[in-house]
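> Could you work out the structure for the sequence below:
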Amino acid sequence: MIPRGGVMSGTASHDPTTIAPAMTLRWSHEGRATVVGVRGEIDMGSAPLLVDVARRLGDEGAPLVVLDLSRVDFVDLHGLTALTEARALVRRGGGRLVLRQLPPCLTRLLQLTGCTLPAAEPTAGAGPVRAAD
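Next up is the predicted model:
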């Protein structure tokens, strides 16, 4: 079960001298929405952590998951795949996944790959978002 608020971190490096994780996830609840703040890089090493949280939220039947990407510095194809998989996992549980504040690196990746995410739409209590379902 995902607690009401918390933090998870992940890194691609197995080097014990690594100081900072590549990605940190912080989540809280705003009404019916579970807001997951993503900070750092969504890449090959950290993407599984994002998928794991989405799987748990989907299994719990979270009605709305908002990924706040305002503090994301880098996204590679593994990250893009993780976002797509996260959307499917939340949807499988009957919920919706929306992305808040796409960083320029993700916007550029979407342009380069030709991938599309549905147009932005407002969500009460969650600020501006870009729908991912």
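> So Arg91 belongs to a helix, correct?
Yes - Arg91: assigned to a helix according to DSSP: H, G, I helix; E, B strand; the rest coil.
> So which bits of the strand or helix carrying Phe74 are buried?
Phe74 is part of strand 64-75 when elements are defined by DSSP states H and E. By neighbour count on 16 or more other Cβ atoms under 10 Å, the buried set for strand 64-75 is Leu64, Val65, Val66, Leu67, Asp68, Leu69, Val72, Phe74, Val75. (Each C-beta comes from the backbone N, C-alpha and C, glycine too.)
> got those as CSV, with distance to Leu109 and pLDDT columns?
Compiled in CSV, those are given as follows (distance: Cβ to Cβ, whole Å; pLDDT from 0 to 100):
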residue, distance to Leu109, pLDDT
Leu64, 25, 93
Val65, 21, 93
Val66, 20, 92
Leu67, 15, 93
Asp68, 18, 93
Leu69, 12, 93
Val72, 11, 95
Phe74, 10, 95
Val75, 6, 95
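> what ranges do the helices span in this protein?
All helices of the chain, identified by DSSP state H, fall at 47-59, 77-92, 104-113.
> need the ones you listed in JSON lines with mean pLDDT and mean neighbour count, can you?
Output for the helices of the chain, formatted as JSON lines (pLDDT from 0 to 100; neighbours: other Cβ atoms under 10 Å):
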{"stretch": "helix 47-59", "mean pLDDT": "96", "mean neighbour count": "20"}
{"stretch": "helix 77-92", "mean pLDDT": "94", "mean neighbour count": "19"}
{"stretch": "helix 104-113", "mean pLDDT": "90", "mean neighbour count": "14"}
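> With distance to Thr34 as added columns, please give those in CSV.
Below are these laid out as CSV (distance: least, Cβ to Cβ, whole Å):
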stretch, distance to Thr34
helix 47-59, 6
helix 77-92, 9
helix 104-113, 20
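> which stretch among those comes nearest Glu30?
Closest of the helices of the chain to Glu30 is helix 47-59, at 14.0 Å (criterion: Cβ to Cβ).
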